[in-house]
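Chemist: model the following, please.
(one chain, ligands or ions: 1)
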Amino acid sequence: MFGSKTLFSWAAKRSKDFYRKKSKIDNFRSRAAYKLIELNSKYRFINKEDVVIDVGFAPGSWSQVAKKLVGNKGKVIGIDIQHIAPPEGVLPIYGDIRDPNTLTKLFEALRLLHEPNTNDSIDCRVVDAVISDMLHKATGIRIRDHALSMELCASALHVALTFLKSNGSFICKFYMGDEDADLQNLLKSHFRFVQVMKPKASLKESREAYFVCLERKP
Ligand SMILES: C[S@@+](CC[C@H](N)C(=O)[O-])C[C@H]1O[C@@H](n2cnc3c(N)ncnc32)[C@H](O)[C@@H]1O
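Modeler: Predicted coordinates for the structure are as follows:
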């Protein structure tokens, strides 16, 4: 009969198809939308009128979900290396998050959102949530993929620490490996609540999970 490996990959394929089909019906740009929906229904880090930065937004389903949650009075800024048109109502910034010029563009975008008629600089800690679903192209070598993911997490954390209000939230995808515990300890030094979660829409065989960090310390 079926080996456990066959059953496992059948179950994974079935769940992949389920969320992919659902995303078409619900008009989301990708199945990843359901990961953010589940994370936010559990932890409520995005609310009406919030300012949200979505790091690695393309193709844009997290930004679609975030924009719905913040409503007309809220703002969503999406950052990505890929020049993909953003969902309606989302402000795109194109660039590598590891490049300081991208942070400058982000600062400028936040200044314009807050003070459209002046050149005054703003306090840059005006953001309620930084969410990162960033991923590099997988190399297939676990140690390498983990190291690359940790580098992206560090860059996303830098954005969070630069722009988050106190009590703001940081959600970050990571590829599991040896350095998770060190990163988790670092996150605990900046946030009062830190937990690892793997949403249902995340394939079981994938080594991805999410850090959920709430209540940034002042
Ligand atoms: C898994 S996709 C994100 C999917 C998205 N959350 C959605 O729901 O549509 C990962 C994204 O991270 C972006 N990315 C990877 N490295 C990046 C970097 N250094 N700077 C900015 N974006 C990056 C990729 O271009 C890709 O679009």
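
Chemist: drop to CA atoms for contacts and neighbour counts, all remaining ones
Modeler: OK.

Chemist: which residues of this protein lie near the ligand?
Modeler: With the criterion set to C-alpha under 6 Å from any ligand atom, the chain comes near the ligand through 30, 32-33, 56-62, 80-82, 95-98, 133-136.

Chemist: I'd guess residue 87 is in a strand, am I close?
Modeler: No: counting by DSSP: H, G, I helix; E, B strand; the rest coil, residue 87 is not found in a strand; it is coil.

Chemist: can you get me a residue count around it?
Modeler: Residues lying near residue 87 (other C-alpha atoms under 10 Å) number 22.

Chemist: what sits against it?
Modeler: Residue 87 makes contact with 60, 63-64, according to C-alpha atoms under 8 Å, 6 or more residues apart in numbering.

Chemist: same check on residue 125?
Modeler: Residues in contact with residue 125 (C-alpha under 8 Å, 6+ apart) are 162-166.

Chemist: report the buried members of those.
Modeler: 163-166 (16 or more other C-alpha atoms under 10 Å).

Chemist: quick one: low-confidence parts of the protein?
Modeler: Applying pLDDT under 70 to the chain picks out residues 1-16, 115-122.

Chemist: in it, which spans are strands?
Modeler: Assigned strands in the chain, in chain order: 51-55, 75-80, 90-94, 127-132, 164-175, 191-197, 208-216 (criterion: DSSP state E).

Chemist: how about the most centrally placed residue in the chain, what does it touch?
Modeler: Centroid check for the chain by C-alpha atoms, centre = their mean gives residue 132 as the closest residue, at 2.1 Å. Going by C-alpha under 8 Å, 6+ apart, residue 132 touches 54-57, 153, 156, 170-173.
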